[in-house]
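[1] model the following, please.
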Amino acid sequence: MMEGYINQQDQYGNVVSGSYEFDVEVMEKGTNLSMPVADLVLKDFGHSVQSFSFSLHEPGSFMLTIFDKEKNTLISNMPYDFTVYIGYCDGINSIVNGSGINNSIAGETAMFSVFQRDAYLYPSPVMLEILQVQIVQESDSQIMRPTIRIRETTNGSFYSGRPNYVVTDVMKIASALVFYQTNNFTENLDHRSTDFDVIYKPEKRGDYEIYVFCGNIALNGGYPFRK
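    I've put the predicted structure just below:
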């Protein structure tokens, strides 16, 4: 939902009373295609202030233009650039797969991947530090510390990763599906991505539970992966 306010003033900055009719147009940057604004709502707040709101259902960068219909001119500070972000990651639609989610060999490196999607199946980019993974050995509740990294781009030129340090109680995960981390990784984490690789090395044989979180949202519908 896009919301804002219009302060009605004349060319000298004096307040203009009444409720003027304004029109709103949204164009996609780069293509200059006009986007439909079917649910535009204008409300008179009094004191020469109007609010406006509308919805856009596609992510991207856009330009907002508000017109004075009566004078057929733009209001000041137009056009206004804004960005529509996709929804937050969805615990069901996000995908976790790879050989390391089902099988691994003690003492050998294993890996699986996480692909974050929102409720509409669109890619859902988050900061690297938002993604959390905890691997717990069922026999003694020992917690492993995997490394999480952003997947390389197609040209292989980008890499950013971090150790995933976690301090928590395994029973809290099962009941509340949240946990807390201590992260001493000093590399620049100002990167967003939808696709991540998780790398770990199990030291012992046995059964493990793998919990994957995007913030406080548990992926896989809140259930751990077992291997």
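
[2] tell me who's in contact with Gly206.
    The contact partners of Gly206, by C-beta atoms under 8 Å, 6 or more residues apart in numbering, come to 137-139. Every C-beta, even on glycine, is put in place using the N, C-alpha and C of the backbone.

[3] just the buried ones from those, in ChimeraX syntax?
    For the buried members of the contacts of Gly206, the matching ChimeraX selection, counting by 16 or more other C-beta atoms under 10 Å, is:
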select :137
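
[4] in a markdown table, list the contacts of Gly206 along with secondary structure and pLDDT.
    A markdown table is the format used below for these (DSSP: H, G, I helix; E, B strand; the rest coil; pLDDT from 0 to 100):
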| residue | secondary structure | pLDDT |
| --- | --- | --- |
| Gln137 | strand | 86 |
| Glu138 | coil | 83 |
| Ser139 | coil | 81 |
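
[5] generate TSV for the contacts of Gly206, with distance to Tyr5 as supplementary columns.
    Converted to TSV, the contacts of Gly206 look like this (distance: C-beta to C-beta, whole Å):
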residue	distance to Tyr5
Gln137	56
Glu138	56
Ser139	60
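
[6] the lengthiest strand in the chain packs against which elements?
    Ranked by residue count and defined by DSSP state E, the top strand of the chain is strand 60-68. Strand 60-68 sits against strand 22-28, strand 73-74, strand 80-84, with contacts defined as 3 or more C-beta pairs under 8 Å, 6 or more residues apart in numbering; DSSP states H and E.

[7] show me which residues of whichever helix or strand comes after the last one are buried.
    Right, strand 80-84. Following strand 80-84 in sequence order, the next helix or strand is strand 95-97 (DSSP states H and E). Across strand 95-97, burial judged by 16+ other C-beta under 10 Å covers Val96.

[8] next: stretch 197-209.
    Within stretch 197-209, the residues scored as buried using 16+ other C-beta under 10 Å are 197-200, 202, 208-209.

[9] same question, stretch 97-113
    Buried residues in stretch 97-113 (16+ other C-beta under 10 Å): 100-101, 104, 110-112.

[10] which residues does the residue in the chain sticking out farthest from the centre contact?
    The C-alpha centroid of the chain is most remote from Tyr12, which lies 42.7 Å away (C-alpha atoms, centre = their mean). Not one residue lies near Tyr12 by C-beta under 8 Å, 6+ apart.

[11] how far away is Pro202 from Ser19?
    Counting by C-beta to C-beta, to the nearest Å, the gap from Pro202 to Ser19 is 67 Å.

[12] could I get the helices and strands packed on strand 60-68 as CSV with mean neighbour count, distance to Ile66 and mean pLDDT?
    As requested, the helices and strands packed on strand 60-68 are exported to CSV (neighbours: other C-beta atoms under 10 Å; distance: least, C-beta to C-beta, whole Å; pLDDT from 0 to 100):
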stretch, mean neighbour count, distance to Ile66, mean pLDDT
strand 22-28, 16, 5, 84
strand 73-74, 12, 7, 78
strand 80-84, 12, 8, 79
